[in-house]
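**Student:** coordinates only, sequence not included:
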Ligand SMILES: [Zn+2]
């Protein structure tokens, strides 16, 4: 039964029945049961799984995204990365894998090269230059724009090296949540409880 537990990673031999699969054989590689030790880890690990669920079809496969998911679980298990930055970096990879890639090198409206930007178009998914109209998007600090670009460009394996201020993390959370809500049929729910609890603590 351990192999059917939450977050378990292993090799599964499945038998396809008429409408369901039966697990015939399992070899567990890593159970990740340590992630169940606190609310934050459970919530973020569930959130990453939920993102996969809402963005992909049943039986669809994406090897690269799978490797990012397992890497994220190892980072969380060993507590060697900022869990919020890890989630943001995973969101960016998920969006890229499912056909939504941020344009952060050129203005998304006119194509002019930009070194940074203080406005992101959520509709088109990219930075806007000072000469173009700012509609259907949100203002962003230069720090958050640059952080988004850095997280998009760097190898996922190096995410643990990144540190960001609480303000920049909050901005990235808002930009990416808005983009995810806009692009997928369902909105992820896993982080809402945690954000609610954090909000309660902050406002106390
Ligand atoms: Zn422009």
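**Tutor:** Here it is on my side, so go on. Quick caveat: nothing in here was measured; it's all calculated off a predicted structure.
**Student:** any weak-confidence spans in the protein?
**Tutor:** Where the chain drops to pLDDT under 70, the residues are 1, 200-204.
**Student:** Apart from its neighbours in sequence, what residue is nearest the most centrally placed residue in it?
**Tutor:** Residue closest to the average C-alpha location in the chain (C-alpha atoms, centre = their mean): residue 91, at 2.1 Å. Computed as C-beta to C-beta, 6 or more residues apart in numbering, the closest residue to residue 91 that is not its neighbour in sequence is residue 176, at 4.5 Å. (C-beta placed from N, C-alpha, C; glycine too.)
**Student:** so when I look at that neighbour, I'm seeing a helix, right?
**Tutor:** Yes - looking at residue 176 with DSSP: H, G, I helix; E, B strand; the rest coil, it is inside a helix.
**Student:** tell me the contacts of it?
**Tutor:** The neighbourhood of residue 176, defined by C-beta atoms under 8 Å, 6 or more residues apart in numbering, consists of 88, 91-92, 95.
**Student:** Repeat that for residue 33.
**Tutor:** With contact set as C-beta under 8 Å, 6+ apart, residue 33 has these partners: 5, 7-8.
**Student:** Let's see that with 7 Å instead.
**Tutor:** With contact taken as C-beta atoms under 7 Å, 6 or more residues apart in numbering, residue 33 is in contact with residue 5.
**Student:** Contact residues of the chain facing the ion?
**Tutor:** Contact residues, the chain versus the ion (C-beta under 5 Å from the ion): 107, 109-110, 129, 132.
**Student:** let's go with 6 Å and repeat that
**Tutor:** Contacts of the chain with the ion, taken as C-beta under 6 Å from the ion, map to 107, 109-110, 112, 129, 131-132.
**Student:** Please indicate which of these are buried?
**Tutor:** Using 16 or more other C-beta atoms under 10 Å as the burial test, these include 107, 109, 129, 132 as buried.
**Student:** tell me the two of those that are most distant?
**Tutor:** 109 and 129 (7.4 Å; C-beta to C-beta).
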